[in-house]
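Undergrad: what's the 3D shape of this:
(one chain, ligands or ions: 2)
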Amino acid sequence: MSRPALNDPALWQEAGFINGQWCHADDGASIEVIDPASGETLAAVPAMGTQETRRAIAAAEAAWPEWRARPAPERAELLMRWHDLMIENLEDLALIMTREQGKPLDESRGEIRYGASFVKWFAEEARRAYGETIPAPTKDRRILVLKQPVGVCGAITPWNFPNAMITRKCAPALAAGCPIVIKPSEFTPLSALALAVLAERAGFPPGVLNIVTGMPEEIGGELTANPVVRKLSFTGSTRVGRLLMRQCSDEIKRLSLELGGNAPLIVFDDADIELAVAGTMASKFRNAGQTCVCANRILVQSGIHDRFVARLEEAMAALRCGNGMDEGVTIGPLINHQAIEKVAAHIDDALSHGATLVCGGVPDGRDRHAVPTLLTGVTEGMRITYEETFGPVAPIMRFDSEEEAVRIANDTPFGLAAYFFTESMRRAWRVGEALEFGMVGLNTGAISMEVAPFGGVKQSGLGREGARQGLEEYLEEKAFHMGGLI
Ligand SMILES: NC(=O)C1=CN([C@@H]2O[C@H](COP(=O)(O)OP(=O)(O)OC[C@H]3O[C@@H](n4cnc5c(N)ncnc54)[C@H](O)[C@@H]3O)[C@@H](O)[C@H]2O)C=CC1
Ligand SMILES: O=C(O)[C@H](O)CS(=O)(=O)O
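TA: Ligands and ions are numbered 1, 2, ... in the order given. Sure, this is the predicted structure:
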């Protein structure tokens with residue numbers, strides 16, 4: 001197991017974190033963490049299940065009364081201390097992330113800053129869980145609306161953003177006064193465990209933040225069935241989100257779901273072509289295309305089509321595939337062989353139905369890399385247009401009219417992110433309002449930041465993360481009627 005040389009080796013943890021204690025699975029079982037760049041075993045973390053999860057939930061329940069009673073400025077101070085420790089240890093956290101997830105080091109550094117931005121944002125928001133007073137209908141009554149923490153929360157997070165998807169959930173939970181039990185992806189647990197090391201150092205009391213690693217079905221089964229857990233927050237596939245939603249229905253738990261996407265990116269004839277190319281590169285190739293907000297379909301109007309394809313091919317030629325630890329690499333390996341096989345299947349299907357390969361091609365599984373690929377002549381009905389590719393493949397669909405582009409863009413059960421490029425103010429309003437997505441980028445491919453609400457409609461999920469809305473997901477509203485006052 002070739003762990004990286006860290007400035008602070010204590011950040012490399014191969015144990016779960018329950019009630020302020022580092023612990024292993026009751027039966028001693030473990031699961032291996034694989035380096036996606038080499039395929040070698042990097043670490044082994046506990047294969048925890050129902051019993052360990054039950055203990056973590058009990059620890060969170062025991063911690064709740066004191067944590068909810070702690071004044072918001074004190075919760076905020078702990079969150080800021082955690083934020084500062086993340087920034088101080090940024091290089092180590094980035095190294096850990098690149099080794100277990102594969103993304104280039106610079107992207108990992110960017111994700112640590114992105115993850116830390118949620119901790120700082122919710123340290124600030126903790127002080128603003130404002131209630132309200134309502135004019136009473138009679139003289140003897142006063143009506144208040146109190147904001148109170150939901151209670152013990154659970155979170156289940158994906159492998160593609162193994163730091164930011166943790167902090168985007170636990171920062172608002174902790175800010176609101178909720179203790180939390182987190183199950184990170186079995187592919188990338190080390191980033192979550194490093195965050196727990198820093199949370200402990202920041203001074204969070206035992207039981208407030210717990211990390212349970214291991215068997216998804218067992219841990220998820222306990223988080224969804226245990227009545228002590230009042231809310232579950234999930235980021236991942238729509239398939240699993242639907243399953244968890246069903247499992248939470250018996251207890252009518254609060255839910256936040258950030259699920260799959262199928263983002264259209266539309267380039268109109270009147271687009272600024274350089275903005276459109278830059279926006280496409282930013283949206284399509286971040287994390288080797290393994291994000292839920294990546295452009296999954298690229299719709300280009302006929303008049304600009306050939307020029308845009310030529311410029312995009314030029315820009316893609318600058319991408320460099322390789323090991324994320326190596327200087328200058330911009331496209332790391334995909335997370336695993338299943339991901340590579342899915343990308344290959346999408347390319348094969350498109351080519352077999354008449355698409356043209358401009359550059360790239362079917363990845364070689366042995367290289368564990370998906371080569372940045374540009375396809376033209378992509379048409380509706382090809383798998384790549386209705387399944388989330390989650391890889392560095394840019395499928396170009398030609399269109400003629402604005403109405404046709406909006407129809408195609410909206411023709412999906414998903415509704416997470418969409419992008420379009422035009423210099424026309426009138427078209428900006430028409431298309432921005434017509435697109436059925438939770439987030440829309442006009443002349444930009446970057447829409448992920450802590451200040452704006454992140455989330456989707458239709459089968460892309462429920463609720464919003466980040467922004468003012470993100471705190472509300474962890475608060476309950478109580479109408480408090482005070483009668484007999486005269
Ligand atoms: N909306 C988003 O931000 C994301 C969407 N995705 C989508 O999900 C697809 C697969 O990516 P994965 O990370 O493998 O997503 P996934 O949905 O399979 O896994 C996400 C998390 O759910 C857990 N999980 C899986 N099955 C579970 C179960 N039965 N009970 C409880 N927890 C369970 C996993 O251990 C992981 O922690 C991607 O191809 C992409 O389409 C993936 C990551 C993020
Ligand atoms: O899971 C994801 O893909 C992230 O939500 C995307 S982002 O927030 O990093 O853009």
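
Undergrad: can you list the residues of this protein near ligand 2?
TA: Neighbours of ligand 2 within the chain, by CB under 6 Å from any ligand atom: 158, 160-161, 164-165, 235, 258, 291-293, 448, 454. The way it works is simple: take the backbone N, C-alpha and C, and place the C-beta from them, glycine included.

Undergrad: any idea how far ligand 2 is from residue 251?
TA: 26 Å (CB to the nearest ligand atom, to the nearest Å).

Undergrad: what residues are bridge-paired with residue 263?
TA: residue 295 (DSSP bridges).

Undergrad: number of nearby residues for it?
TA: 31 (other CB atoms under 10 Å).

Undergrad: what sits closest to residue 146 if chain neighbours are left out?
TA: Once flanking residues are discounted, residue 146 sits nearest to residue 478: 4.4 Å by CB to CB, 6 or more residues apart in numbering.

Undergrad: what helix or strand is the one you found on?
TA: Take DSSP states H and E as the rule and residue 478 turns out to sit in strand 475-482.

Undergrad: how about that strand: buried residues?
TA: Of all the residues in strand 475-482, those buried under the rule 16 or more other CB atoms under 10 Å are residue 475.

Undergrad: packing partners for that strand?
TA: strand 142-149 (3 or more CB pairs under 8 Å, 6 or more residues apart in numbering; DSSP states H and E).

Undergrad: and the strand it packs on, which strands flank it?
TA: Sheet pairing of strand 142-149 (DSSP bridges) gives strand 132-134 (antiparallel), strand 475-482 (antiparallel).

Undergrad: state the pLDDT value of residue 1.
TA: Note on residue 1: pLDDT of 52.

Undergrad: do the same with residue 230
TA: According to the prediction, residue 230 has pLDDT 98.

Undergrad: so who does the closest residue to it other than its chain neighbours touch?
TA: Once flanking residues are discounted, residue 230 sits nearest to residue 151: 3.7 Å by CB to CB, 6+ apart. Residues in contact with residue 151 (CB atoms under 8 Å, 6 or more residues apart in numbering) are 64, 178, 228-231.

Undergrad: mind redoing it with 10 Å?
TA: 60-61, 64, 68, 173, 176-179, 228-231, 253-254, 474, 476 (CB atoms under 10 Å, 6 or more residues apart in numbering).

Undergrad: only the buried subset of those, as a PyMOL command please.
TA: Burial among the contacts of residue 151 is assessed by 16+ other CB under 10 Å; the matching PyMOL selection reads:
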select buried, resi 60+61+64+68+173+176+177+178+179+228+229+230+231+253+254+474
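
Undergrad: phi and psi next, for the residue nearest to residue 230.
TA: Dihedral pair for residue 151: phi 130, psi -150, per degrees, to the nearest 10.

Undergrad: repeat for the one 4 residues further on
TA: Here the main-chain torsion angles of residue 155 (degrees, to the nearest 10) amount to phi -140, psi 140.

Undergrad: before we move on, what about residue 253?
TA: Main-chain torsions, residue 253, degrees, to the nearest 10: phi -80, psi 150.

Undergrad: that one reaches residue 227, doesn't it?
TA: Yes. Here residue 253 reaches residue 227: they are 9.0 Å apart, a contact under CB atoms under 10 Å.
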